[in-house]
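Sharing a sequence plus its predicted fold:
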Amino acid sequence: PSNEKILVWVGDEILTRDMATVSVFDSVVQGGDSVWEGLRIYKGKVFKLEEHLDRLFDSAKALAFNNVPTQDEVKEAIFKTLIMNGMFDNAHIRLSLTRGKKVTSGMSPGFNLYGCTLIVLAEWKPPVYDNTKGITLVTATTRRNSPNVRHTSSTKYVCPLCNVSYLISDFSCSRPCQNLDSKIHHNNLLNNILAKIEGNNANADDAIMLDKDGYVSETNATNIFLVKKGIVMTPHADYCLPGITRATVMDLVKKENLVLEERRISLSEFHTADEVWTTGTMGELSPVTKIDGRVVGDGTVGPVTRRLQNSFQKLTEGLGVPIPDYH
Ligand code: PMP
């Protein structure tokens, strides 16, 4: 089906695609000041709706949004948009909640007097990848945000013997310094976009992002798993988005009595893994067959990946919050 005629929920109205615009004074235009979720519709049901709404509202709270709509209002907007569009299977929703329209341009949330702007963009989107085949990844130089940064400063040191001056760096400050936490699902996506550009330039499908210490955090748009000698591993959630698909797959791994380790994982462990896959709402479980030019395992979709893909697919057929009025 085509997206030409889709209807989009903006603010509190349903508008045609051509009319679906936000104000140039909206916080999302002025500063990427917005939170979002991507959801999928399978067979008349919204998959993991409550989990996505919880993450959306937690993100809005962490960013101190005011006049946030209620969960019931957002749910109603989602259902109405789906029903108006007749979208009951294989559809995707891009849900955004911006801090809202400002009285004047500028950064301060004090300029937002009208409450949040809710956008429910339901679209027909093909699967991101052919998950029967593998994707390729490269490691980006752009690092994933870390919630904890420490300032370093430089001081000039003059050698008393030869009188040459040097800059000495790495004086860490002792105060905790806050940065944008990867647990907030915000629209400030420029680091991820820079990483994706690095992936595109290397003809890879996506790019691995490292955390501030050089361990793997996730890719520019998905979480990541590996299998080594039968053990399933995924980076701990200190520096990655706590993905809903990640949590679902971790549950499946436990239910299938496989050993799961959630810990710091270095890049070389990914380079030498038997199997690797990424997880995300749109791509589900996507097998990875090449990382930084190294073939993963034997270069085919591995048995653990296939087993979990099958279990995940069964979940999507059963679970989910039913769209009212759809029979
Ligand atoms: N990591 C990042 C950076 C993402 O943007 C996304 C998708 N929103 C994910 C991981 C996957 O999260 P989820 O499984 O909740 O879709």
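Arrived safely, thanks for sending.

is any part of stretch 282-300 close to the ligand?
No. For stretch 282-300, no contact with the ligand is found by Cβ under 6 Å from any ligand atom; the gap never falls below 7.0 Å. Every residue, glycine included, has its C-beta placed from N, CA and C.

Identify each of the helices in the stretch 51-200 of the chain and give its residue range.
With helices called from DSSP state H, counting those that start in this stretch, the stretch 51-200 of the chain shows them at 71-85, 190-201.

For residue 213, which non-adjacent residue is spatially closest?
residue 264 (7.8 Å; Cβ to Cβ, 6 or more residues apart in numbering).

Does that neighbour touch residue 234 like I think?
No. Using Cβ atoms under 8 Å as the test, residue 264 is too far from residue 234 to be in contact (10.8 Å).

out of those two, which sits in the more crowded spot?
residue 234 (23 against 16; other Cβ atoms under 10 Å).

Quick check, pLDDT for that one.
Looking at residue 234, its pLDDT is 98.

For it, give the beta-bridge partners.
Going by DSSP bridges, residue 234 is paired in beta bridges with residue 262.

ok, it - contacts?
When contacts are counted by Cβ atoms under 8 Å, 6 or more residues apart in numbering, residue 234 touches 223-226, 246, 250, 260-262, 265.

Secondary structure element holding residue 312?
In the assignment (DSSP states H and E), residue 312 maps to helix 303-318.

chain center to that helix, what's the gap?
Here helix 303-318 is found 21 Å from its chain centre; the criterion is Cα atoms, centre = their mean, to the nearest Å.

which element follows that helix toward the C-terminus?
Next helix or strand after helix 303-318 toward the C-terminus (DSSP H and E): strand 321-322.

In terms of secondary structure, what does that following strand contact?
In this structure, strand 321-322 makes packing contacts with strand 45-46, judged by 3 or more Cβ pairs under 8 Å, 6 or more residues apart in numbering; DSSP states H and E.

what mean pLDDT does the strand it packs on have?
Regarding strand 45-46, the rounded mean pLDDT is 95.

Kindly report the same for stretch 115-125.
On average, stretch 115-125 scores 96.

Point to the helix or strand of this protein where mean pLDDT is at its lowest.
Every helix and strand of the chain was ranked by mean pLDDT, DSSP states H and E. The lowest is strand 165-172, at a mean of 62.

Strand partners (parallel or antiparallel) of the host helix or strand of residue 8?
Per DSSP H and E, residue 8 falls inside strand 7-10. Partners of strand 7-10 in the sheet, by DSSP bridges, are strand 13-16 (antiparallel), strand 117-124 (antiparallel).
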